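A.B. asks: What would the 3D arrangement of this be:
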Amino acid sequence: MSNLLSDISKRLKLKSNPNLKGSSIFKAGVGILTVFIIILLLPGHHNIDVKFEVGTIWVDEDLIAPFSFPIYRDESEYLADREKVKQELAPVFDKVAETTSLSDQLQAKLNEVFLQAEKSGGISSESLKRKREETGLILSHDEWLRLYGLFTGDEPDSVIKSFNQFFQLIDRNIETIQSKKIIDIPKKDIVSGKISIVQKKNENVQDITPASEVMDLNEASAMLRNEISSVTNDNELILSAEEIGRRLIQPNLKFNTDLTQVVLENRLRQVQKTSGIVRQNERIISKHDPITPEVKLKLDSYKKIRLERLGVQDFVLQFVGKSLTVLTLLSILALFLYYIRRDIFNDNNMLILISSLLILESFFAYLSLNITVNRPVELLIFASVASILLTIIFDSRLAFFSAVIICFLIAAVRGGDYTIAFISFCGSVLAIFSVRNARNRNQIFRSFFFILIGNTVAILAIGFDRMEEFGEIFNRFIYGGINAVMSPVIAFGLLIFYERVFKITTDITLLELSDRNHPLLKELFMKAPGTYNHSMMMGNLAEKAAESIGANSILARVGCYFHDIGKMMKPEYFIENQFDRFNRHELLKPSVSAKIIIAHVKEGVELAKKYKLPQSIINFIPQHHGTTLVSFFYDKALNQTDLFKESVEDETYRYPGPKPQTKEAGIIMLADTVEAVTRTLDDSSPNKIEKTIDEVIKARFMDGQLDECELTLKDLTKIKQSFLQVLMGSYHSRIKYPDQKKADEREMKEQTQPAK
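C.D. replies: Next up, the predicted model:
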């Protein structure tokens, strides 16, 4: 699953392509595609502004018929009547004028078999197999033996003395049976209990005969069997007679498939599709009238005829109307983003995210409209899901504004169903309220209670206002409860999906990372306690500064916690962790020392990826140093004596970058330097601290390190005041170990000296 989400994220490629990420053409494409998809989800037929059901109140103006139209019957009743016609139809049979007796032919074939059997040594001879089959009789071996014995006179019956007598008995009974009405299809197929009999000449129906007065071939054969059994109790002879009867009895009524179908179609055409007519200018329903079953038939018929009367021009106008509806709603949302949340508007990645939620909720509404069940499935649209996600990913203000747009879209997709829009809005607003300060993912599930309250209040308000039955209100309440249960679950799953696919870091993720029991922070505390304390203090500075300029304060604070994790690899080479009075850099060349110092950036990035930190946090690791110079070792290399002097190249002593790309990264760069420098001050007076902060900001500004992070001079002034406020309220001095004063001076020089 993780690999799938990563693959989807790579296909978007917006993060790695800044031009595409902010492209106006791409932005327009996202908007047009969103509008087009939602338009496709809108109902494709004419709507009468509101959804109508039997028992509800017509809240629109009086509806007057603009033209005359028939009132179509309820579809289920119409189909039931057609089915009734099919069930009551008497199948048509042709009367066979005369049947040809097959008795003589069959008796002759049997005589031939028996005569040959006498020559072959018995009826069981294999050579007679084909002869026996030619008779068409399906007899057992014992039955053949019994008939053969009767033929030869070796096994006469007590009553039937010969084969000829046996056959004469069969003929007499068949003649009696043949005088009755015998049909050529199974009697069970006559579901109406009657048949129609016609003369072949004119095909006019002669009479309607009850099915009880006719018999099929099975019944005729059974009748013959009963007659024979009344004469003899020889089972083989009785069964043989029944089988012979099957071959000799002929239907005298033949089923006429074509004529039956013609009669059926004529009868079906007589089933009325309509039950009346509405005249032009006739009032269909008045405002505030209840919708009765009769009125609903008129409304359904009006919609049907209106759709049939639509021409090309009507379809064009309808499409334009749909487009304007969706375009207007999305334009309002776009204007909000442009003027209030420009950062989101400029990020096509985030626009895709928002668009996907709009489409998802519209699709839920589309499904609810097209599921034909007698249940309030519209309450399973889960509009609260989008509100929860937008609150967590962005903020409650955007979520609230989007909830309004989404609820209007739901109403539009459902053909003007503002009842469900109202219920969805109530649940969404309380869902936003419930997660606006969520500090971990599990708090998403507490939104269940708030959504349930919102849905319940809205359902009761609508139900009481419309004087609905308690059962209907209770049914809605059940589905509203399902909505409240499922919405947090769906939101929880989609949050993981969006974080992975769009590479976003929510405040919930940041708050989880800010837990000081995080394995990486615990390891930092154990291996590099000085760096750990520095990072924590930095977090306070950055958080306050970010708040002052409207940046993401949580992101800034958490970014500080992890910005120097690379120092864990060689903690003893960094000043804040040197507690043993020994500076290892004194034994190294300046270039080697610079290489070790700079390497903590690369090692930090690798460590962050190993622990799967979000990319937004990883970005702070290289950006908080930008392309600054490790000036202490650079100057040391320049000032070496000729004996040890090496070639000094600027790039050897400079961090690889990039420079800070966001306001938060710029704040962290400044907080890192300010905290490190002010920690070394012996004089912690306000003037001294303020002067130091000014020097740090000026140095980074003049070095061009803040050119790419959108921090303005006004922002820098606010950041300075925030730093000063935090530092004045903190204990600035640190424990000075012997011989550390020199190291402090070195750090101060390195942090404040502009690049050369």
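
A.B. asks: those strands in the stretch 1-150 of the chain, which residues are they?
C.D. replies: With DSSP state E, counting those that start in this stretch as the criterion, the stretch 1-150 of the chain has strands at 63-64, 69-72, 92-95.

A.B. asks: Can you spell out the domain ranges of the protein, please?
C.D. replies: Domain ranges of the chain: 2-46+312-504, 92-265, 510-752, per automatic domain parsing.

A.B. asks: Can you give me every residue that contacts F445?
C.D. replies: F445 sits next to P488, V489, F492 when contact means C-beta atoms under 8 Å, 6 or more residues apart in numbering. Heads up, the C-betas are built off the backbone N, CA and C, glycines and all.

A.B. asks: I'd like the average pLDDT over the helix or strand encompassing the first one.
C.D. replies: In the assignment (DSSP states H and E), P488 maps to helix 470-501. Helix 470-501 comes out with an average pLDDT of 92.

A.B. asks: what separates it from the chain centre, distance-wise?
C.D. replies: 13 Å (C-alpha atoms, centre = their mean, to the nearest Å).

A.B. asks: can you start the count at 15 instead of 1 from here on
C.D. replies: All set: I'll call the first residue 15, so the last point we hit is now helix 484-515.

A.B. asks: tell me what the helix or strand that that helix is followed by is packed against?
C.D. replies: For helix 484-515, the succeeding helix or strand toward the C-terminus, using DSSP H and E, is helix 521-527. Counting contacts by 3 or more C-beta pairs under 8 Å, 6 or more residues apart in numbering; DSSP states H and E, helix 521-527 is packed against helix 567-576.

A.B. asks: quick revisit: nearest to D198, of the strands of the stretch 15-164 of the chain?
C.D. replies: strand 106-109 (8.2 Å; C-beta to C-beta).

A.B. asks: Could you pull out the buried residues of stretch 86-104?
C.D. replies: Residues of stretch 86-104 classed as buried: Y86, R87, Y92, L103, A104 (neighbour count, 16 or more other C-beta atoms under 10 Å).

A.B. asks: hang on, the third one packs against T288?
C.D. replies: No. Distance between Y92 and T288: 9.3 Å, which falls outside the contact criterion (C-beta atoms under 8 Å).

A.B. asks: Spit out the residues that contact those two alike.
C.D. replies: Y86.

A.B. asks: about what we covered before: which of the domains of the chain comes out lowest on mean pLDDT?
C.D. replies: Averaging pLDDT over each of the domains of the chain puts domain 106-279 lowest, since it has a mean of 77.

A.B. asks: Report the beta-bridge partners for F107.
C.D. replies: Assessed by DSSP bridges, F107 has beta-bridge partners I211, F269.

A.B. asks: and it, how many neighbours?
C.D. replies: When neighbours are defined as other C-beta atoms under 10 Å, F107 has 25 of them.

A.B. asks: shouldn't it be in contact with L273?
C.D. replies: No. Contact criterion C-beta under 8 Å: F107 and L273 do not qualify, at 9.2 Å.

A.B. asks: Between these two, which contacts overlap?
C.D. replies: V212.

A.B. asks: residue boundaries of the helices in the stretch 165-314 of the chain?
C.D. replies: 177-192, 231-243, 249-262, 271-283, 307-323 (DSSP state H, counting those that start in this stretch).
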